[in-house]
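Q: show me the folded form of this:
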Amino acid sequence: QTGRHAALGSLMFKQRLFFSDTLQRRITFRVTTYAMRCIDKAGGIDNYLVKTKDEELFYDRALQLKKVIKEKRATESSN
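A: Purely as a prediction, here's the structure:
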């Protein structure tokens, strides 16, 4: 499908750019409007990834970023 929005079943995905405070860089994800609300409620993409169960994260890249964010937070807190 072409265009800015991709549909998967009844879900609408939008490409969104988020800023990771922990990694100090921008991250691009395809997310639903529900996920965008959850990210806002969690206080940002970092908190959302860390708090969300692995089974609920659809992308391997999200799981990898979650691991990196947890490791970086652990090293920052030990310093």
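Q: helices along this structure, start to end?
A: Under the criterion DSSP state H, the chain contains helices at 33-42, 45-51, 60-78.
Q: and those as JSON lines, adding mean neighbour count and mean pLDDT?
A: In this view, the C-beta of every residue, glycine as well, is placed from N, C-alpha and C. Formatted as JSON lines, these follow (neighbours: other CB atoms under 10 Å; pLDDT from 0 to 100):
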{"stretch": "helix 33-42", "mean neighbour count": "14", "mean pLDDT": "94"}
{"stretch": "helix 45-51", "mean neighbour count": "19", "mean pLDDT": "96"}
{"stretch": "helix 60-78", "mean neighbour count": "13", "mean pLDDT": "93"}
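Q: out of the ones you listed, nearest to Leu11?
A: helix 33-42 (8.4 Å; CB to CB).
Q: by contact count, what packs against that closest one?
A: Contacts defined by 3 or more CB pairs under 8 Å, 6 or more residues apart in numbering; DSSP states H and E place helix 33-42 against strand 11-20, helix 45-51.
Q: how does it look with 7 Å?
A: Applying 3 or more CB pairs under 7 Å, 6 or more residues apart in numbering; DSSP states H and E, we find helix 33-42 packed against helix 45-51.
Q: what's around the residue lying closest to Lys72 once chain neighbours are set aside, how many residues?
A: By the measure of CB to CB, 6 or more residues apart in numbering, the closest residue to Lys72 outside its immediate chain neighbours is Thr22, 5.4 Å from it. Neighbour count for Thr22, taken as other CB atoms under 10 Å: 19.
Q: ok, Thr22 - contacts?
A: Neighbour list for Thr22: Asp46, Ile69, Lys72, Arg73 [criterion: CB atoms under 7 Å, 6 or more residues apart in numbering].
Q: let's see it at 10 Å
A: Counting by CB atoms under 10 Å, 6 or more residues apart in numbering, Thr22 touches 44-47, 49-50, 65, 68-73, 76.
Q: distance to Arg16 for those - can I get that in a markdown table?
A: What follows is these, written out as a markdown table (distance: CB to CB, whole Å):
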| residue | distance to Arg16 |
| --- | --- |
| Gly44 | 13 |
| Ile45 | 9 |
| Asp46 | 15 |
| Asn47 | 16 |
| Leu49 | 14 |
| Val50 | 18 |
| Leu65 | 14 |
| Val68 | 19 |
| Ile69 | 17 |
| Lys70 | 22 |
| Glu71 | 24 |
| Lys72 | 22 |
| Arg73 | 23 |
| Glu76 | 26 |
